[in-house]
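Q: Predicted model and sequence below, questions to follow.
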Amino acid sequence: MATFTGSMAPVLVLWLAMSLSGTWAVDKGNFKTCDQSAFCKRQRALKPGDSPYRALLETMELTNTRLTLQLINDNNKVRLLLELYRLQGNMTRVKINELKPLKPRFEVPDVLITEPSTEPLSLLSQDENGVVLSLGTESQRVIISARPFRLDIMEGPEVLMSLNSRGLLAFEHLRMRKDTQAEPEGEKKEEADPANQAEKEEEEKVDGMWEETFKSHSDSKPNGPSAISLDFSLPGVEHVYGIPEHADTLRLKTTDNGDPYRLYNLDVFQYELYNPMALYGAVPVMLAHKAQRTTGIFWLNAAETWVDISSNTAGKTVFGKMLDYVQGSSETPQTDVRWISESGIIDVFIMLGPTPKDVFSQYASLTGTQSFPPLAAVGYHQCRWNYNDQEDVASVDAGFDEHDIPYDYIWLDIEHTDGKRYFTWDSHKFASPKEMLQALEDKKRKMVAIVDPHIKVDSNYKIHNEIRNKGFYIKNKDGGDYEGWCWPGSAGYPDFTRPDMRAWWASMFAYDQYEGTAENLYTWNDMNEPSVFNGPEVTMHKDAVHGAWEHRDVHNLYGLYVQMATAEGQIQRSGGVERPFVLTRAFFAGSQRYGAVWTGDNAAEWDHLKVSIPMCLSLGLVGISFCGADVGGFFKSPSTELLVRWYQTGAYQPFFRAHAHLDTPRREPWLFGPENTALIRDVVRQRYTLLPYWYQQFYHAYRTGEPIMRPLWVEYPQDPATFALDDEFLIGKDLLVHPVTEEGARGVTAYLPGKDQVWFDVHTFQKHNGAQSLYIPVTMSSIPVFQRGGSIIPRKMRVRRSSSCMTHDPYTLYVALNLQRTAEGELYIDDGHTFNYEKKEFIHRRLSFAKNMLSSVNLATDAEFSTGSWIERIVILGASKPSKVTLKTADGQESQLEFDFDASMSVLTLRKPGVNAGLDWNVMLQ
């Protein structure tokens, strides 16, 4: 939900004025550029060259698990401590901190799921110039050069990555402030030290080291300058991805001629597209890809961070690159990346792949995988700011039944509360919430209600009183409770960095605490950047205090902690039985463990529809698979064409929710005439038929860390044609989707990858060869989707009012044969809502077709679960006509199956095998 700055009265006046005029747009002046962020400006002023840091090789200590080594800055004589670890799974960890800091520097807790396991390091050689260490395999090694300090990771003769090769390592050490007035006698001796004198002169010359002002806001910076920076060089790499959240292309752009990409969780009012401005979340993970290898960099720092990207091939045209080739130019493509953070330490994990899936596995081993949601959360969600009252909820719910459109969750925004007091209900509009929830439960539907982390300052409000009495609010720099303006007016902000605060918050979701709630009510955490309407950049002052730390140290963690505590509350209320569902707007590395995210306050514009694809693809690459965008756009009103196209796109993204601003006209799916209702109904029903496949992909993401919605290069890593594609994507590895995102489109051109691959149009069953760009004529009913030849996808074709109503319905298997006339797939079934899958209560089967036989075999022999679902139909694409079809069940019984064969499309349909979906069986074509 959007925010507005200033005190509340002007805020609401501005909000009304903008609502009436329709001039929704980001005010860039509310948000800093690098030049306006003192530490970024300072660090960016450093140019590549010889580094002032050298390694003191005589201080090196090597144990079985780590190397430590001191670095010295020859300009100011400050020493740093380098720690190097070889981690299990082909990763290297590099930590750099001050050797003797004036006080401890912040190190990020709670993001790593465990302290990473180390593997032995061994010394290969050493001389006065540096050391060479083995990373286990003979060919993989680390070279530490002493003067200047540099670290190279090599495999054979190839340099995989270099650190400080451009000399941009910087570490602003903590220091006492050197006042310009006369100093005490005992300190005058320091003046003789040239390094000290230079430091004092720098502080006098450079603005923003001890105090910084932005607009009317002042940052007192009690600890002074504390920024850190390090550069990484990636030889042979031209494509880098990740570091969400930005409304930008999938492939990250170079930043030489503009601002770096910024990572700083902010409530940005209707964000602009295709620029590096910070948005609601920050995941400091970058992937680098070339045909031979994928690598990753995880910069574990929660402070404001800027990322510069430069490339020696940037800006070169295809002709220019060809000219280089013809002329024998030997310049290897290279991308250089520089990370700059305001505080904390350097703690970086280098993931060495070598494949994309290896990098996903490596990152998942550090921060965990996507939480496995309840099946219903993978269905369709209906939301707006706001459904007015219980009668409105009942009317919308009935409208879906009347128009035969399935849905699983209806959502309530902030107006459902008693005066924006979270954990409460408006007693007039929602007088009997339990009855409302029971009416939904009777139809096997659910609800989500918003619970934001800004708490109304009101002595008659139980939640506020408890937080204040327990001392759980974040403090201001003077030690009082920090207060800012948000939806309730004056608000306090709970300190979610405290485990005891998170435990208390979780306890508030108990049914006897959060009155009027039931098992089918779930939670939405919005505004958790945190959003502070009258704060600097619409967020919290950096000198606010969380115990021993400043807000500047922990800022990007806040949203993760809110979602963590909320998810824990949902789990606890059910006694640990039921899976939670929590949507968050702000996020960090590790947020995938706690639920879903969405792309925030977008607009009803075609470009916002387009950018939802690379935004969710970028999130998936860094572990956050459960991503979606507000269908139809939050701000403004979509044309019917845009609305239909957005439903068609959203139905093929992991999180599928329609949402709209308070001041937009109502846009339930049946309000745009019968033709458009039918188009929307059709695509929502497509989503529901595919729920078995979607659910399987979520299970796979939970087990492996691989993205659900993924760029084509993940599956086709050696095909350069896929490296920058971001207008189409894969769901898992077997469905390719190219949404229609152009107004008035008569056709789209989709790239179908794979030289020896075939793809089948899922609507027409037309077969197409891979490794081609295919022009596809489209009408308003078209959503180009292709199934990969060689795959088997389960569907449920009997669509009902919600996913829970379809639990025991039968499956149809779509078997798409490849050129070798084989296919493989899986079928995963559990109860859809509890954690019992962790107790091995599930069905997981391998489906395979080879030598004219389709079989189902158990993939999890130690698991046990029973289902009432059976196999209703088998559709084989690319088939030949058999003379007979025989089903053989686990008990050895055989029976003949009826079939139809469409010779024009080579489609064979087997009717009513009738076998239980959890049992062994095979079907032989003769």
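A: Yes, it's here.
Q: can we go C-alpha only for contacts and neighbour counts from here?
A: OK.
Q: Was I right to think Ser848 contacts Ser855?
A: Yes: with contact defined as CA atoms under 8 Å, Ser848 reaches Ser855; the gap is 5.5 Å.
Q: Any buried residues in stretch 39-54, and which?
A: Within stretch 39-54, the residues scored as buried using 16 or more other CA atoms under 10 Å are 39-44, 51-54.
Q: And the furthest pair within those residues?
A: Across those, the longest distance by CA to CA is 24.5 Å; it joins Lys41 and Arg54.
Q: Out of the buried residues of stretch 39-54, list just those in helices.
A: Mapping those onto helices (DSSP state H) picks out 39-44.
Q: want to throw those residues into CSV with distance to Gln370 and pLDDT?
A: Shown next, in CSV, are those (distance: CA to CA, whole Å; pLDDT from 0 to 100):
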residue, distance to Gln370, pLDDT
Phe39, 34, 98
Cys40, 33, 98
Lys41, 36, 98
Arg42, 37, 97
Gln43, 35, 97
Arg44, 35, 97
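Q: ok, so of those residues, who is nearest Ser773?
A: Nearest to Ser773 among these, with distances taken as CA to CA, is Arg44, at 41.9 Å.
Q: From Pro276, how far out is the closest one?
A: Distance of Arg44 to Pro276, computed by CA to CA, to the nearest Å: 16 Å.
Q: swap in Thr523?
A: To Pro276, Thr523 is 30 Å away according to CA to CA.
Q: quick revisit: which among the buried residues of stretch 39-54 gets closest to Gly258?
A: Nearest to Gly258 out of the buried residues of stretch 39-54 is Arg44 (CA to CA; 11.6 Å).
Q: how close does that closest one get to Trp306?
A: In terms of CA to CA, Arg44 sits 10 Å off from Trp306.
Q: Please apply the same query to Thr867.
A: Taken as CA to CA, the span from Thr867 to Trp306 is 51 Å.
Q: Settle it for me: which of these two has more neighbours?
A: Using other CA atoms under 10 Å as the criterion, Thr867 and Trp306 rank with Trp306 on top: 26 against 17.
Q: was I right about that one contacting Leu263?
A: Yes: shown here, Trp306 and Leu263 form a contact pair, counting by CA under 8 Å, at 6.0 Å.
Q: Tell me the buried residues in stretch 602-620?
A: Going by 16+ other CA under 10 Å, stretch 602-620 has these buried residues: 602-606, 608-620.
Q: Stretch 641-661 now?
A: With the criterion 16+ other CA under 10 Å, stretch 641-661 contains buried residues 642-661.
Q: Kindly report the same for stretch 58-71.
A: Using 16+ other CA under 10 Å as the test for burial, stretch 58-71 gives 66-71.
Q: Let me know how buried Pro499 is, in neighbour terms.
A: The tally of other residues near Pro499 (other CA under 10 Å) stands at 12.
Q: do the same with Arg293
A: With other CA under 10 Å as criterion, Arg293 counts 17.
Q: For stretch 839-855, what is the distance to the chain centroid?
A: 31 Å (CA atoms, centre = their mean, to the nearest Å).
Q: List the buried residues for that stretch?
A: For stretch 839-855, the neighbour count (16+ other CA under 10 Å) marks 841-849, 852-855 as buried.
Q: possible to save these as JSON lines with distance to Ala506?
A: Putting the buried residues of stretch 839-855 into JSON lines (distance: CA to CA, whole Å) gives the following:
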{"residue": "Glu841", "distance to Ala506": "27"}
{"residue": "Phe842", "distance to Ala506": "29"}
{"residue": "Ile843", "distance to Ala506": "32"}
{"residue": "His844", "distance to Ala506": "33"}
{"residue": "Arg845", "distance to Ala506": "37"}
{"residue": "Arg846", "distance to Ala506": "39"}
{"residue": "Leu847", "distance to Ala506": "42"}
{"residue": "Ser848", "distance to Ala506": "45"}
{"residue": "Phe849", "distance to Ala506": "48"}
{"residue": "Asn852", "distance to Ala506": "55"}
{"residue": "Met853", "distance to Ala506": "52"}
{"residue": "Leu854", "distance to Ala506": "48"}
{"residue": "Ser855", "distance to Ala506": "46"}
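Q: from the residues you listed, which is closest to Ala678?
A: Leu847 (33.9 Å).
Q: so the closest one touches Ser791, yeah?
A: No: look at Leu847 against Ser791 with CA under 8 Å: they stay out of range, at 9.2 Å.
Q: between those two, what contacts are shared?
A: 824-825 (CA atoms under 8 Å, 6 or more residues apart in numbering).
Q: residue boundaries of the strands in the stretch 551-700 of the chain?
A: For the stretch 551-700 of the chain, the strands defined by DSSP state E, counting those that start in this stretch cover 582-584, 596-598, 627-628, 630-631, 656-658.
Q: Give me the sheet partners of the third one and which way each runs.
A: According to DSSP bridges, the neighbouring strands of strand 627-628, each with its direction, are strand 596-598 (parallel).
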